[in-house]
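K.L.:
Give me a 3D structure for the following:
(one chain, ligands or ions: 1)
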Amino acid sequence: MNPKIRAGFLGTGSYLPNKILTNQDMEKIVETSDEWIVTRTGIKERHIAAEGQTTSDMAVEASKQALHSAGLKASDLDLIIVATITPDTPTPATACWVQCKLGASQAAAFDLSAACSGFVYGLTVAKAFVESGMYRRILLIGAEKLTAFVDWKDRGTCVLFGDGAGAALIGPVAEGHHEILSSFMAANGKEAELLKIPGGGCRFPPTAQTVDQRLHTLKMEGKEIFKTAVKVMSEATLEAARRAGLELKDIALIIPHQANLRIIQAIGERLEVPPEKMFVNLDRVGNTSAASVIIALDEAVKGGKIKKGDHLALVAFGAGTTLASGAVRW
Ligand SMILES: CC(C)(COP(=O)(O)OP(=O)(O)OC[C@H]1O[C@@H](n2cnc3c(N)ncnc32)[C@H](O)[C@@H]1OP(=O)(O)O)[C@@H](O)C(=O)NCCC(=O)NCCS
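P.N.:
From the prediction side, this is the model:
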């Protein structure tokens, strides 16, 4: 019998655009205040892509770092997955633009649409491809230009989001070496109305009227999303640990989706995990949807927050609603 193939991280990278929009800048755009944004969300600033800079451009920058850290070339890649809800174009997939820009001519390419859970959903997909022996060098990207789809007249949403990209190389690893020990995905379509971009699909194809009605921007029931996020992300963290044969006390760092500091704190309280074990970078980055968890993971790695052999839990929740988690031994 062939030995089991184990999937894990071969490298990571991330990219945030240079331009920063502070809460003071937001005060000039909508009726809000630094104090409101900080106390309700924990966000102080977010990065904004340049005009003309696309989701695939940011994905490529993050991917180059991930390839470098894995010691691989673009021509080594056999699959590119881009988790995004802000694609360069409705079709073709952003992954195809990335494939072209990187020169990864041997790689198959597709997008994954699971909103803020996108990268963590992608972990299950990439893990399954690697363990089946089908692919060995998978570039898994979370990338978003959310500022292109935010309603800049809606103070309840525009202060929350930012742009950026993160990338991971997923492939076969030795047992326990950056290994993805478990992964979990779920969805609840009954909550699909809570968070959506209503227009641009076949339900409301773009017309002058849909533009006037602002149907091409993000709409959110913030309070409902908040309550559900705390409950299901807590449960999914436990599920990832359980599937890996771990207990919560074995987890050195939880890397949650960066939507709101109060959500992260409430999860920590529910799980009785001390604040220092909950990774936070949303004060500087805001909510970057599918890019959020991989940007956070890459920052934690580069910032020396993760030691070899540490157990990590990654967890995310987003529009759909979707939910995903995973446990990793670094
Ligand atoms: C969006 C969110 C920060 C709003 O916080 P909240 O405490 O629920 O606030 P509410 O929406 O109840 O709004 C409270 C008041 O603040 C106001 N308000 C909303 N946004 C504001 C802003 N940016 N600045 C100032 N006031 C604001 C509202 O108009 C409301 O005023 P009113 O009481 O006069 O009607 C919070 O609900 C949240 O983070 N939800 C989850 C969002 C999320 O995670 N989304 C992504 C999921 S993947």
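K.L.:
switch to C-alpha atoms for all contacts and neighbour counts from now on
P.N.:
Will do.
K.L.:
residue ranges for the helices of the chain, please.
P.N.:
All helices of the chain, identified by DSSP state H, fall at 23-27, 34-41, 55-70, 94-102, 118-131, 155-158, 208-212, 222-243, 261-271, 282-285, 292-302.
K.L.:
So which bits of the third one are buried?
P.N.:
The reference is to helix 55-70. If you call a residue buried by 16 or more other C-alpha atoms under 10 Å, then helix 55-70 has these buried ones: 55-67, 70.
K.L.:
Kindly report the same for the fourth one.
P.N.:
When neighbours are counted by 16+ other C-alpha under 10 Å, the buried residues of helix 94-102 are found to be 94-99, 102.
K.L.:
Can you name the residues of the stretch 151-300 of the chain sitting close to the ligand?
P.N.:
Contact residues, the stretch 151-300 of the chain versus the ligand (C-alpha under 6 Å from any ligand atom): 155-156, 159, 222-223, 225-226, 259-260.
K.L.:
and of these, the nearest to V211?
P.N.:
Comparing these against V211 with C-alpha to C-alpha places R155 closest, at 18.6 Å.
K.L.:
How many residues are close by the closest one?
P.N.:
16 (other C-alpha atoms under 10 Å).
K.L.:
try E247
P.N.:
Count around E247 with other C-alpha under 10 Å applied: 13.
K.L.:
Once you drop chain neighbours, what's closest to K145?
P.N.:
D163 (4.8 Å; C-alpha to C-alpha, 6 or more residues apart in numbering).
K.L.:
domains for this structure, by residue range?
P.N.:
6-175, 180-329 (automatic domain parsing).
K.L.:
mean confidence score for the shortest one?
P.N.:
Over the span of domain 180-329, the pLDDT mean works out to 97.
K.L.:
quick one, what contacts the residue of the stretch 1-150 of the chain found nearest the ligand?
P.N.:
The ligand sits closest to T32 of the stretch 1-150 of the chain, with a gap of 3.6 Å, by C-alpha to the nearest ligand atom. If you count contacts by C-alpha atoms under 8 Å, 6 or more residues apart in numbering, T32 has them with 26, 155.
K.L.:
Do you know the pLDDT at N2?
P.N.:
Reported pLDDT for N2: 75.
K.L.:
count of neighbours near it?
P.N.:
By the measure other C-alpha under 10 Å, the count of residues near N2 is 4.
K.L.:
likewise the one 4 residues further on?
P.N.:
A count of neighbours around R6, defined by other C-alpha under 10 Å, yields 22.
K.L.:
same deal with A192?
P.N.:
14.
K.L.:
Just the closest residue of the stretch 51-200 of the chain to the ligand, please.
P.N.:
For the stretch 51-200 of the chain, C-alpha to the nearest ligand atom, closest residue to the ligand: G156, 3.5 Å.
K.L.:
Spatially nearest residue to that residue, not counting backbone neighbours?
P.N.:
G222 (7.9 Å).
K.L.:
How about T322?
P.N.:
With C-alpha to C-alpha, 6+ apart, the residue lying closest to T322 is A187, at 4.3 Å.
K.L.:
Enumerate every residue touching that neighbour.
P.N.:
A187 touches 320-323, counting by C-alpha under 8 Å, 6+ apart.
K.L.:
Then E247?
P.N.:
238, 241.
K.L.:
Phi, psi for it please.
P.N.:
Phi and psi for E247, reported as degrees, to the nearest 10, are phi -110, psi 160.
K.L.:
separation between it and the ligand?
P.N.:
To the ligand, E247 is 26 Å away according to C-alpha to the nearest ligand atom, to the nearest Å.
K.L.:
separation between K307 and G268?
P.N.:
With distances taken as C-alpha to C-alpha, to the nearest Å, K307 is found 21 Å from G268.
K.L.:
the more surrounded of the two?
P.N.:
G268 (19 against 12).
K.L.:
which ones are touching the more buried one?
P.N.:
274-275, 278.
K.L.:
so where do the strands sit in the stretch 51-200 of the chain?
P.N.:
79-83, 108-112, 138-145, 163-173, 179-187, 195-196 (DSSP state E, counting those that start in this stretch).
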